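Engineer: Coordinates for the following, if possible.
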Amino acid sequence: MVFTGAHSAPTQFPGISTTSNAAKSFVSRLVMQTVTDVLEQQGRSAGLPDVIISNILNQLTVQIEYDPFECKTVSVTNQEQ
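Structural biologist: Okay, the predicted model is just below:
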């Protein structure tokens, strides 16, 4: 994930983060959702009741160390075929 302070970037690429913290938050949410999905699937495969799975998932926290790249210039080209 990257971020940019370029003012035109959100217009050209609406999904790009505009700060380092926003990029970190996006990655953190992505990792947390993936971990949650996998553990929920594993719990169901193991035959655990939903209440137990929910209790386990509610105790999860994810800490990541990630320094996103900063893009000084953002350029999007339309490659229609």
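
Engineer: any low-confidence regions in this protein?
Structural biologist: Along the chain, the model assigns pLDDT under 70 to residues 10, 76, 78-81.

Engineer: Please, where are all the helices along it?
Structural biologist: Taking DSSP state H, the helices of the chain run over residues 9-12, 20-45, 50-58.

Engineer: the inter-axis angle of the second one versus helix 50-58?
Structural biologist: If you take axes from the mean of the first three to the mean of the last three CA atoms, to 10 degrees, helix 20-45 sits at 150 degrees to helix 50-58.

Engineer: Counting by contacts, list what helix 20-45 packs against.
Structural biologist: strand 2-3, helix 50-58 (3 or more CB pairs under 8 Å, 6 or more residues apart in numbering; DSSP states H and E). To be clear about C-beta, it is placed using only N, CA and C from the backbone, and glycine gets the same treatment.

Engineer: Give the buried residues for that helix.
Structural biologist: Neighbour counts using 16 or more other CB atoms under 10 Å place S20, A23, K24, F26, V27, E40, G43 of helix 20-45 among the buried residues.

Engineer: just the first one next, same as before
Structural biologist: Neighbour counts using 16+ other CB under 10 Å place A9 of helix 9-12 among the buried residues.

Engineer: Show me what that helix is in contact with.
Structural biologist: Contacts to helix 9-12, defined as CB atoms under 8 Å, 6 or more residues apart in numbering, come from residues I16, T18, C71, V74, S75, V76.

Engineer: Once you drop chain neighbours, what's closest to the first one?
Structural biologist: Yep, that's I16 we're talking about. Spatially, and ignoring its direct neighbours in sequence, I16 is nearest to A9 (5.2 Å; CB to CB, 6 or more residues apart in numbering).
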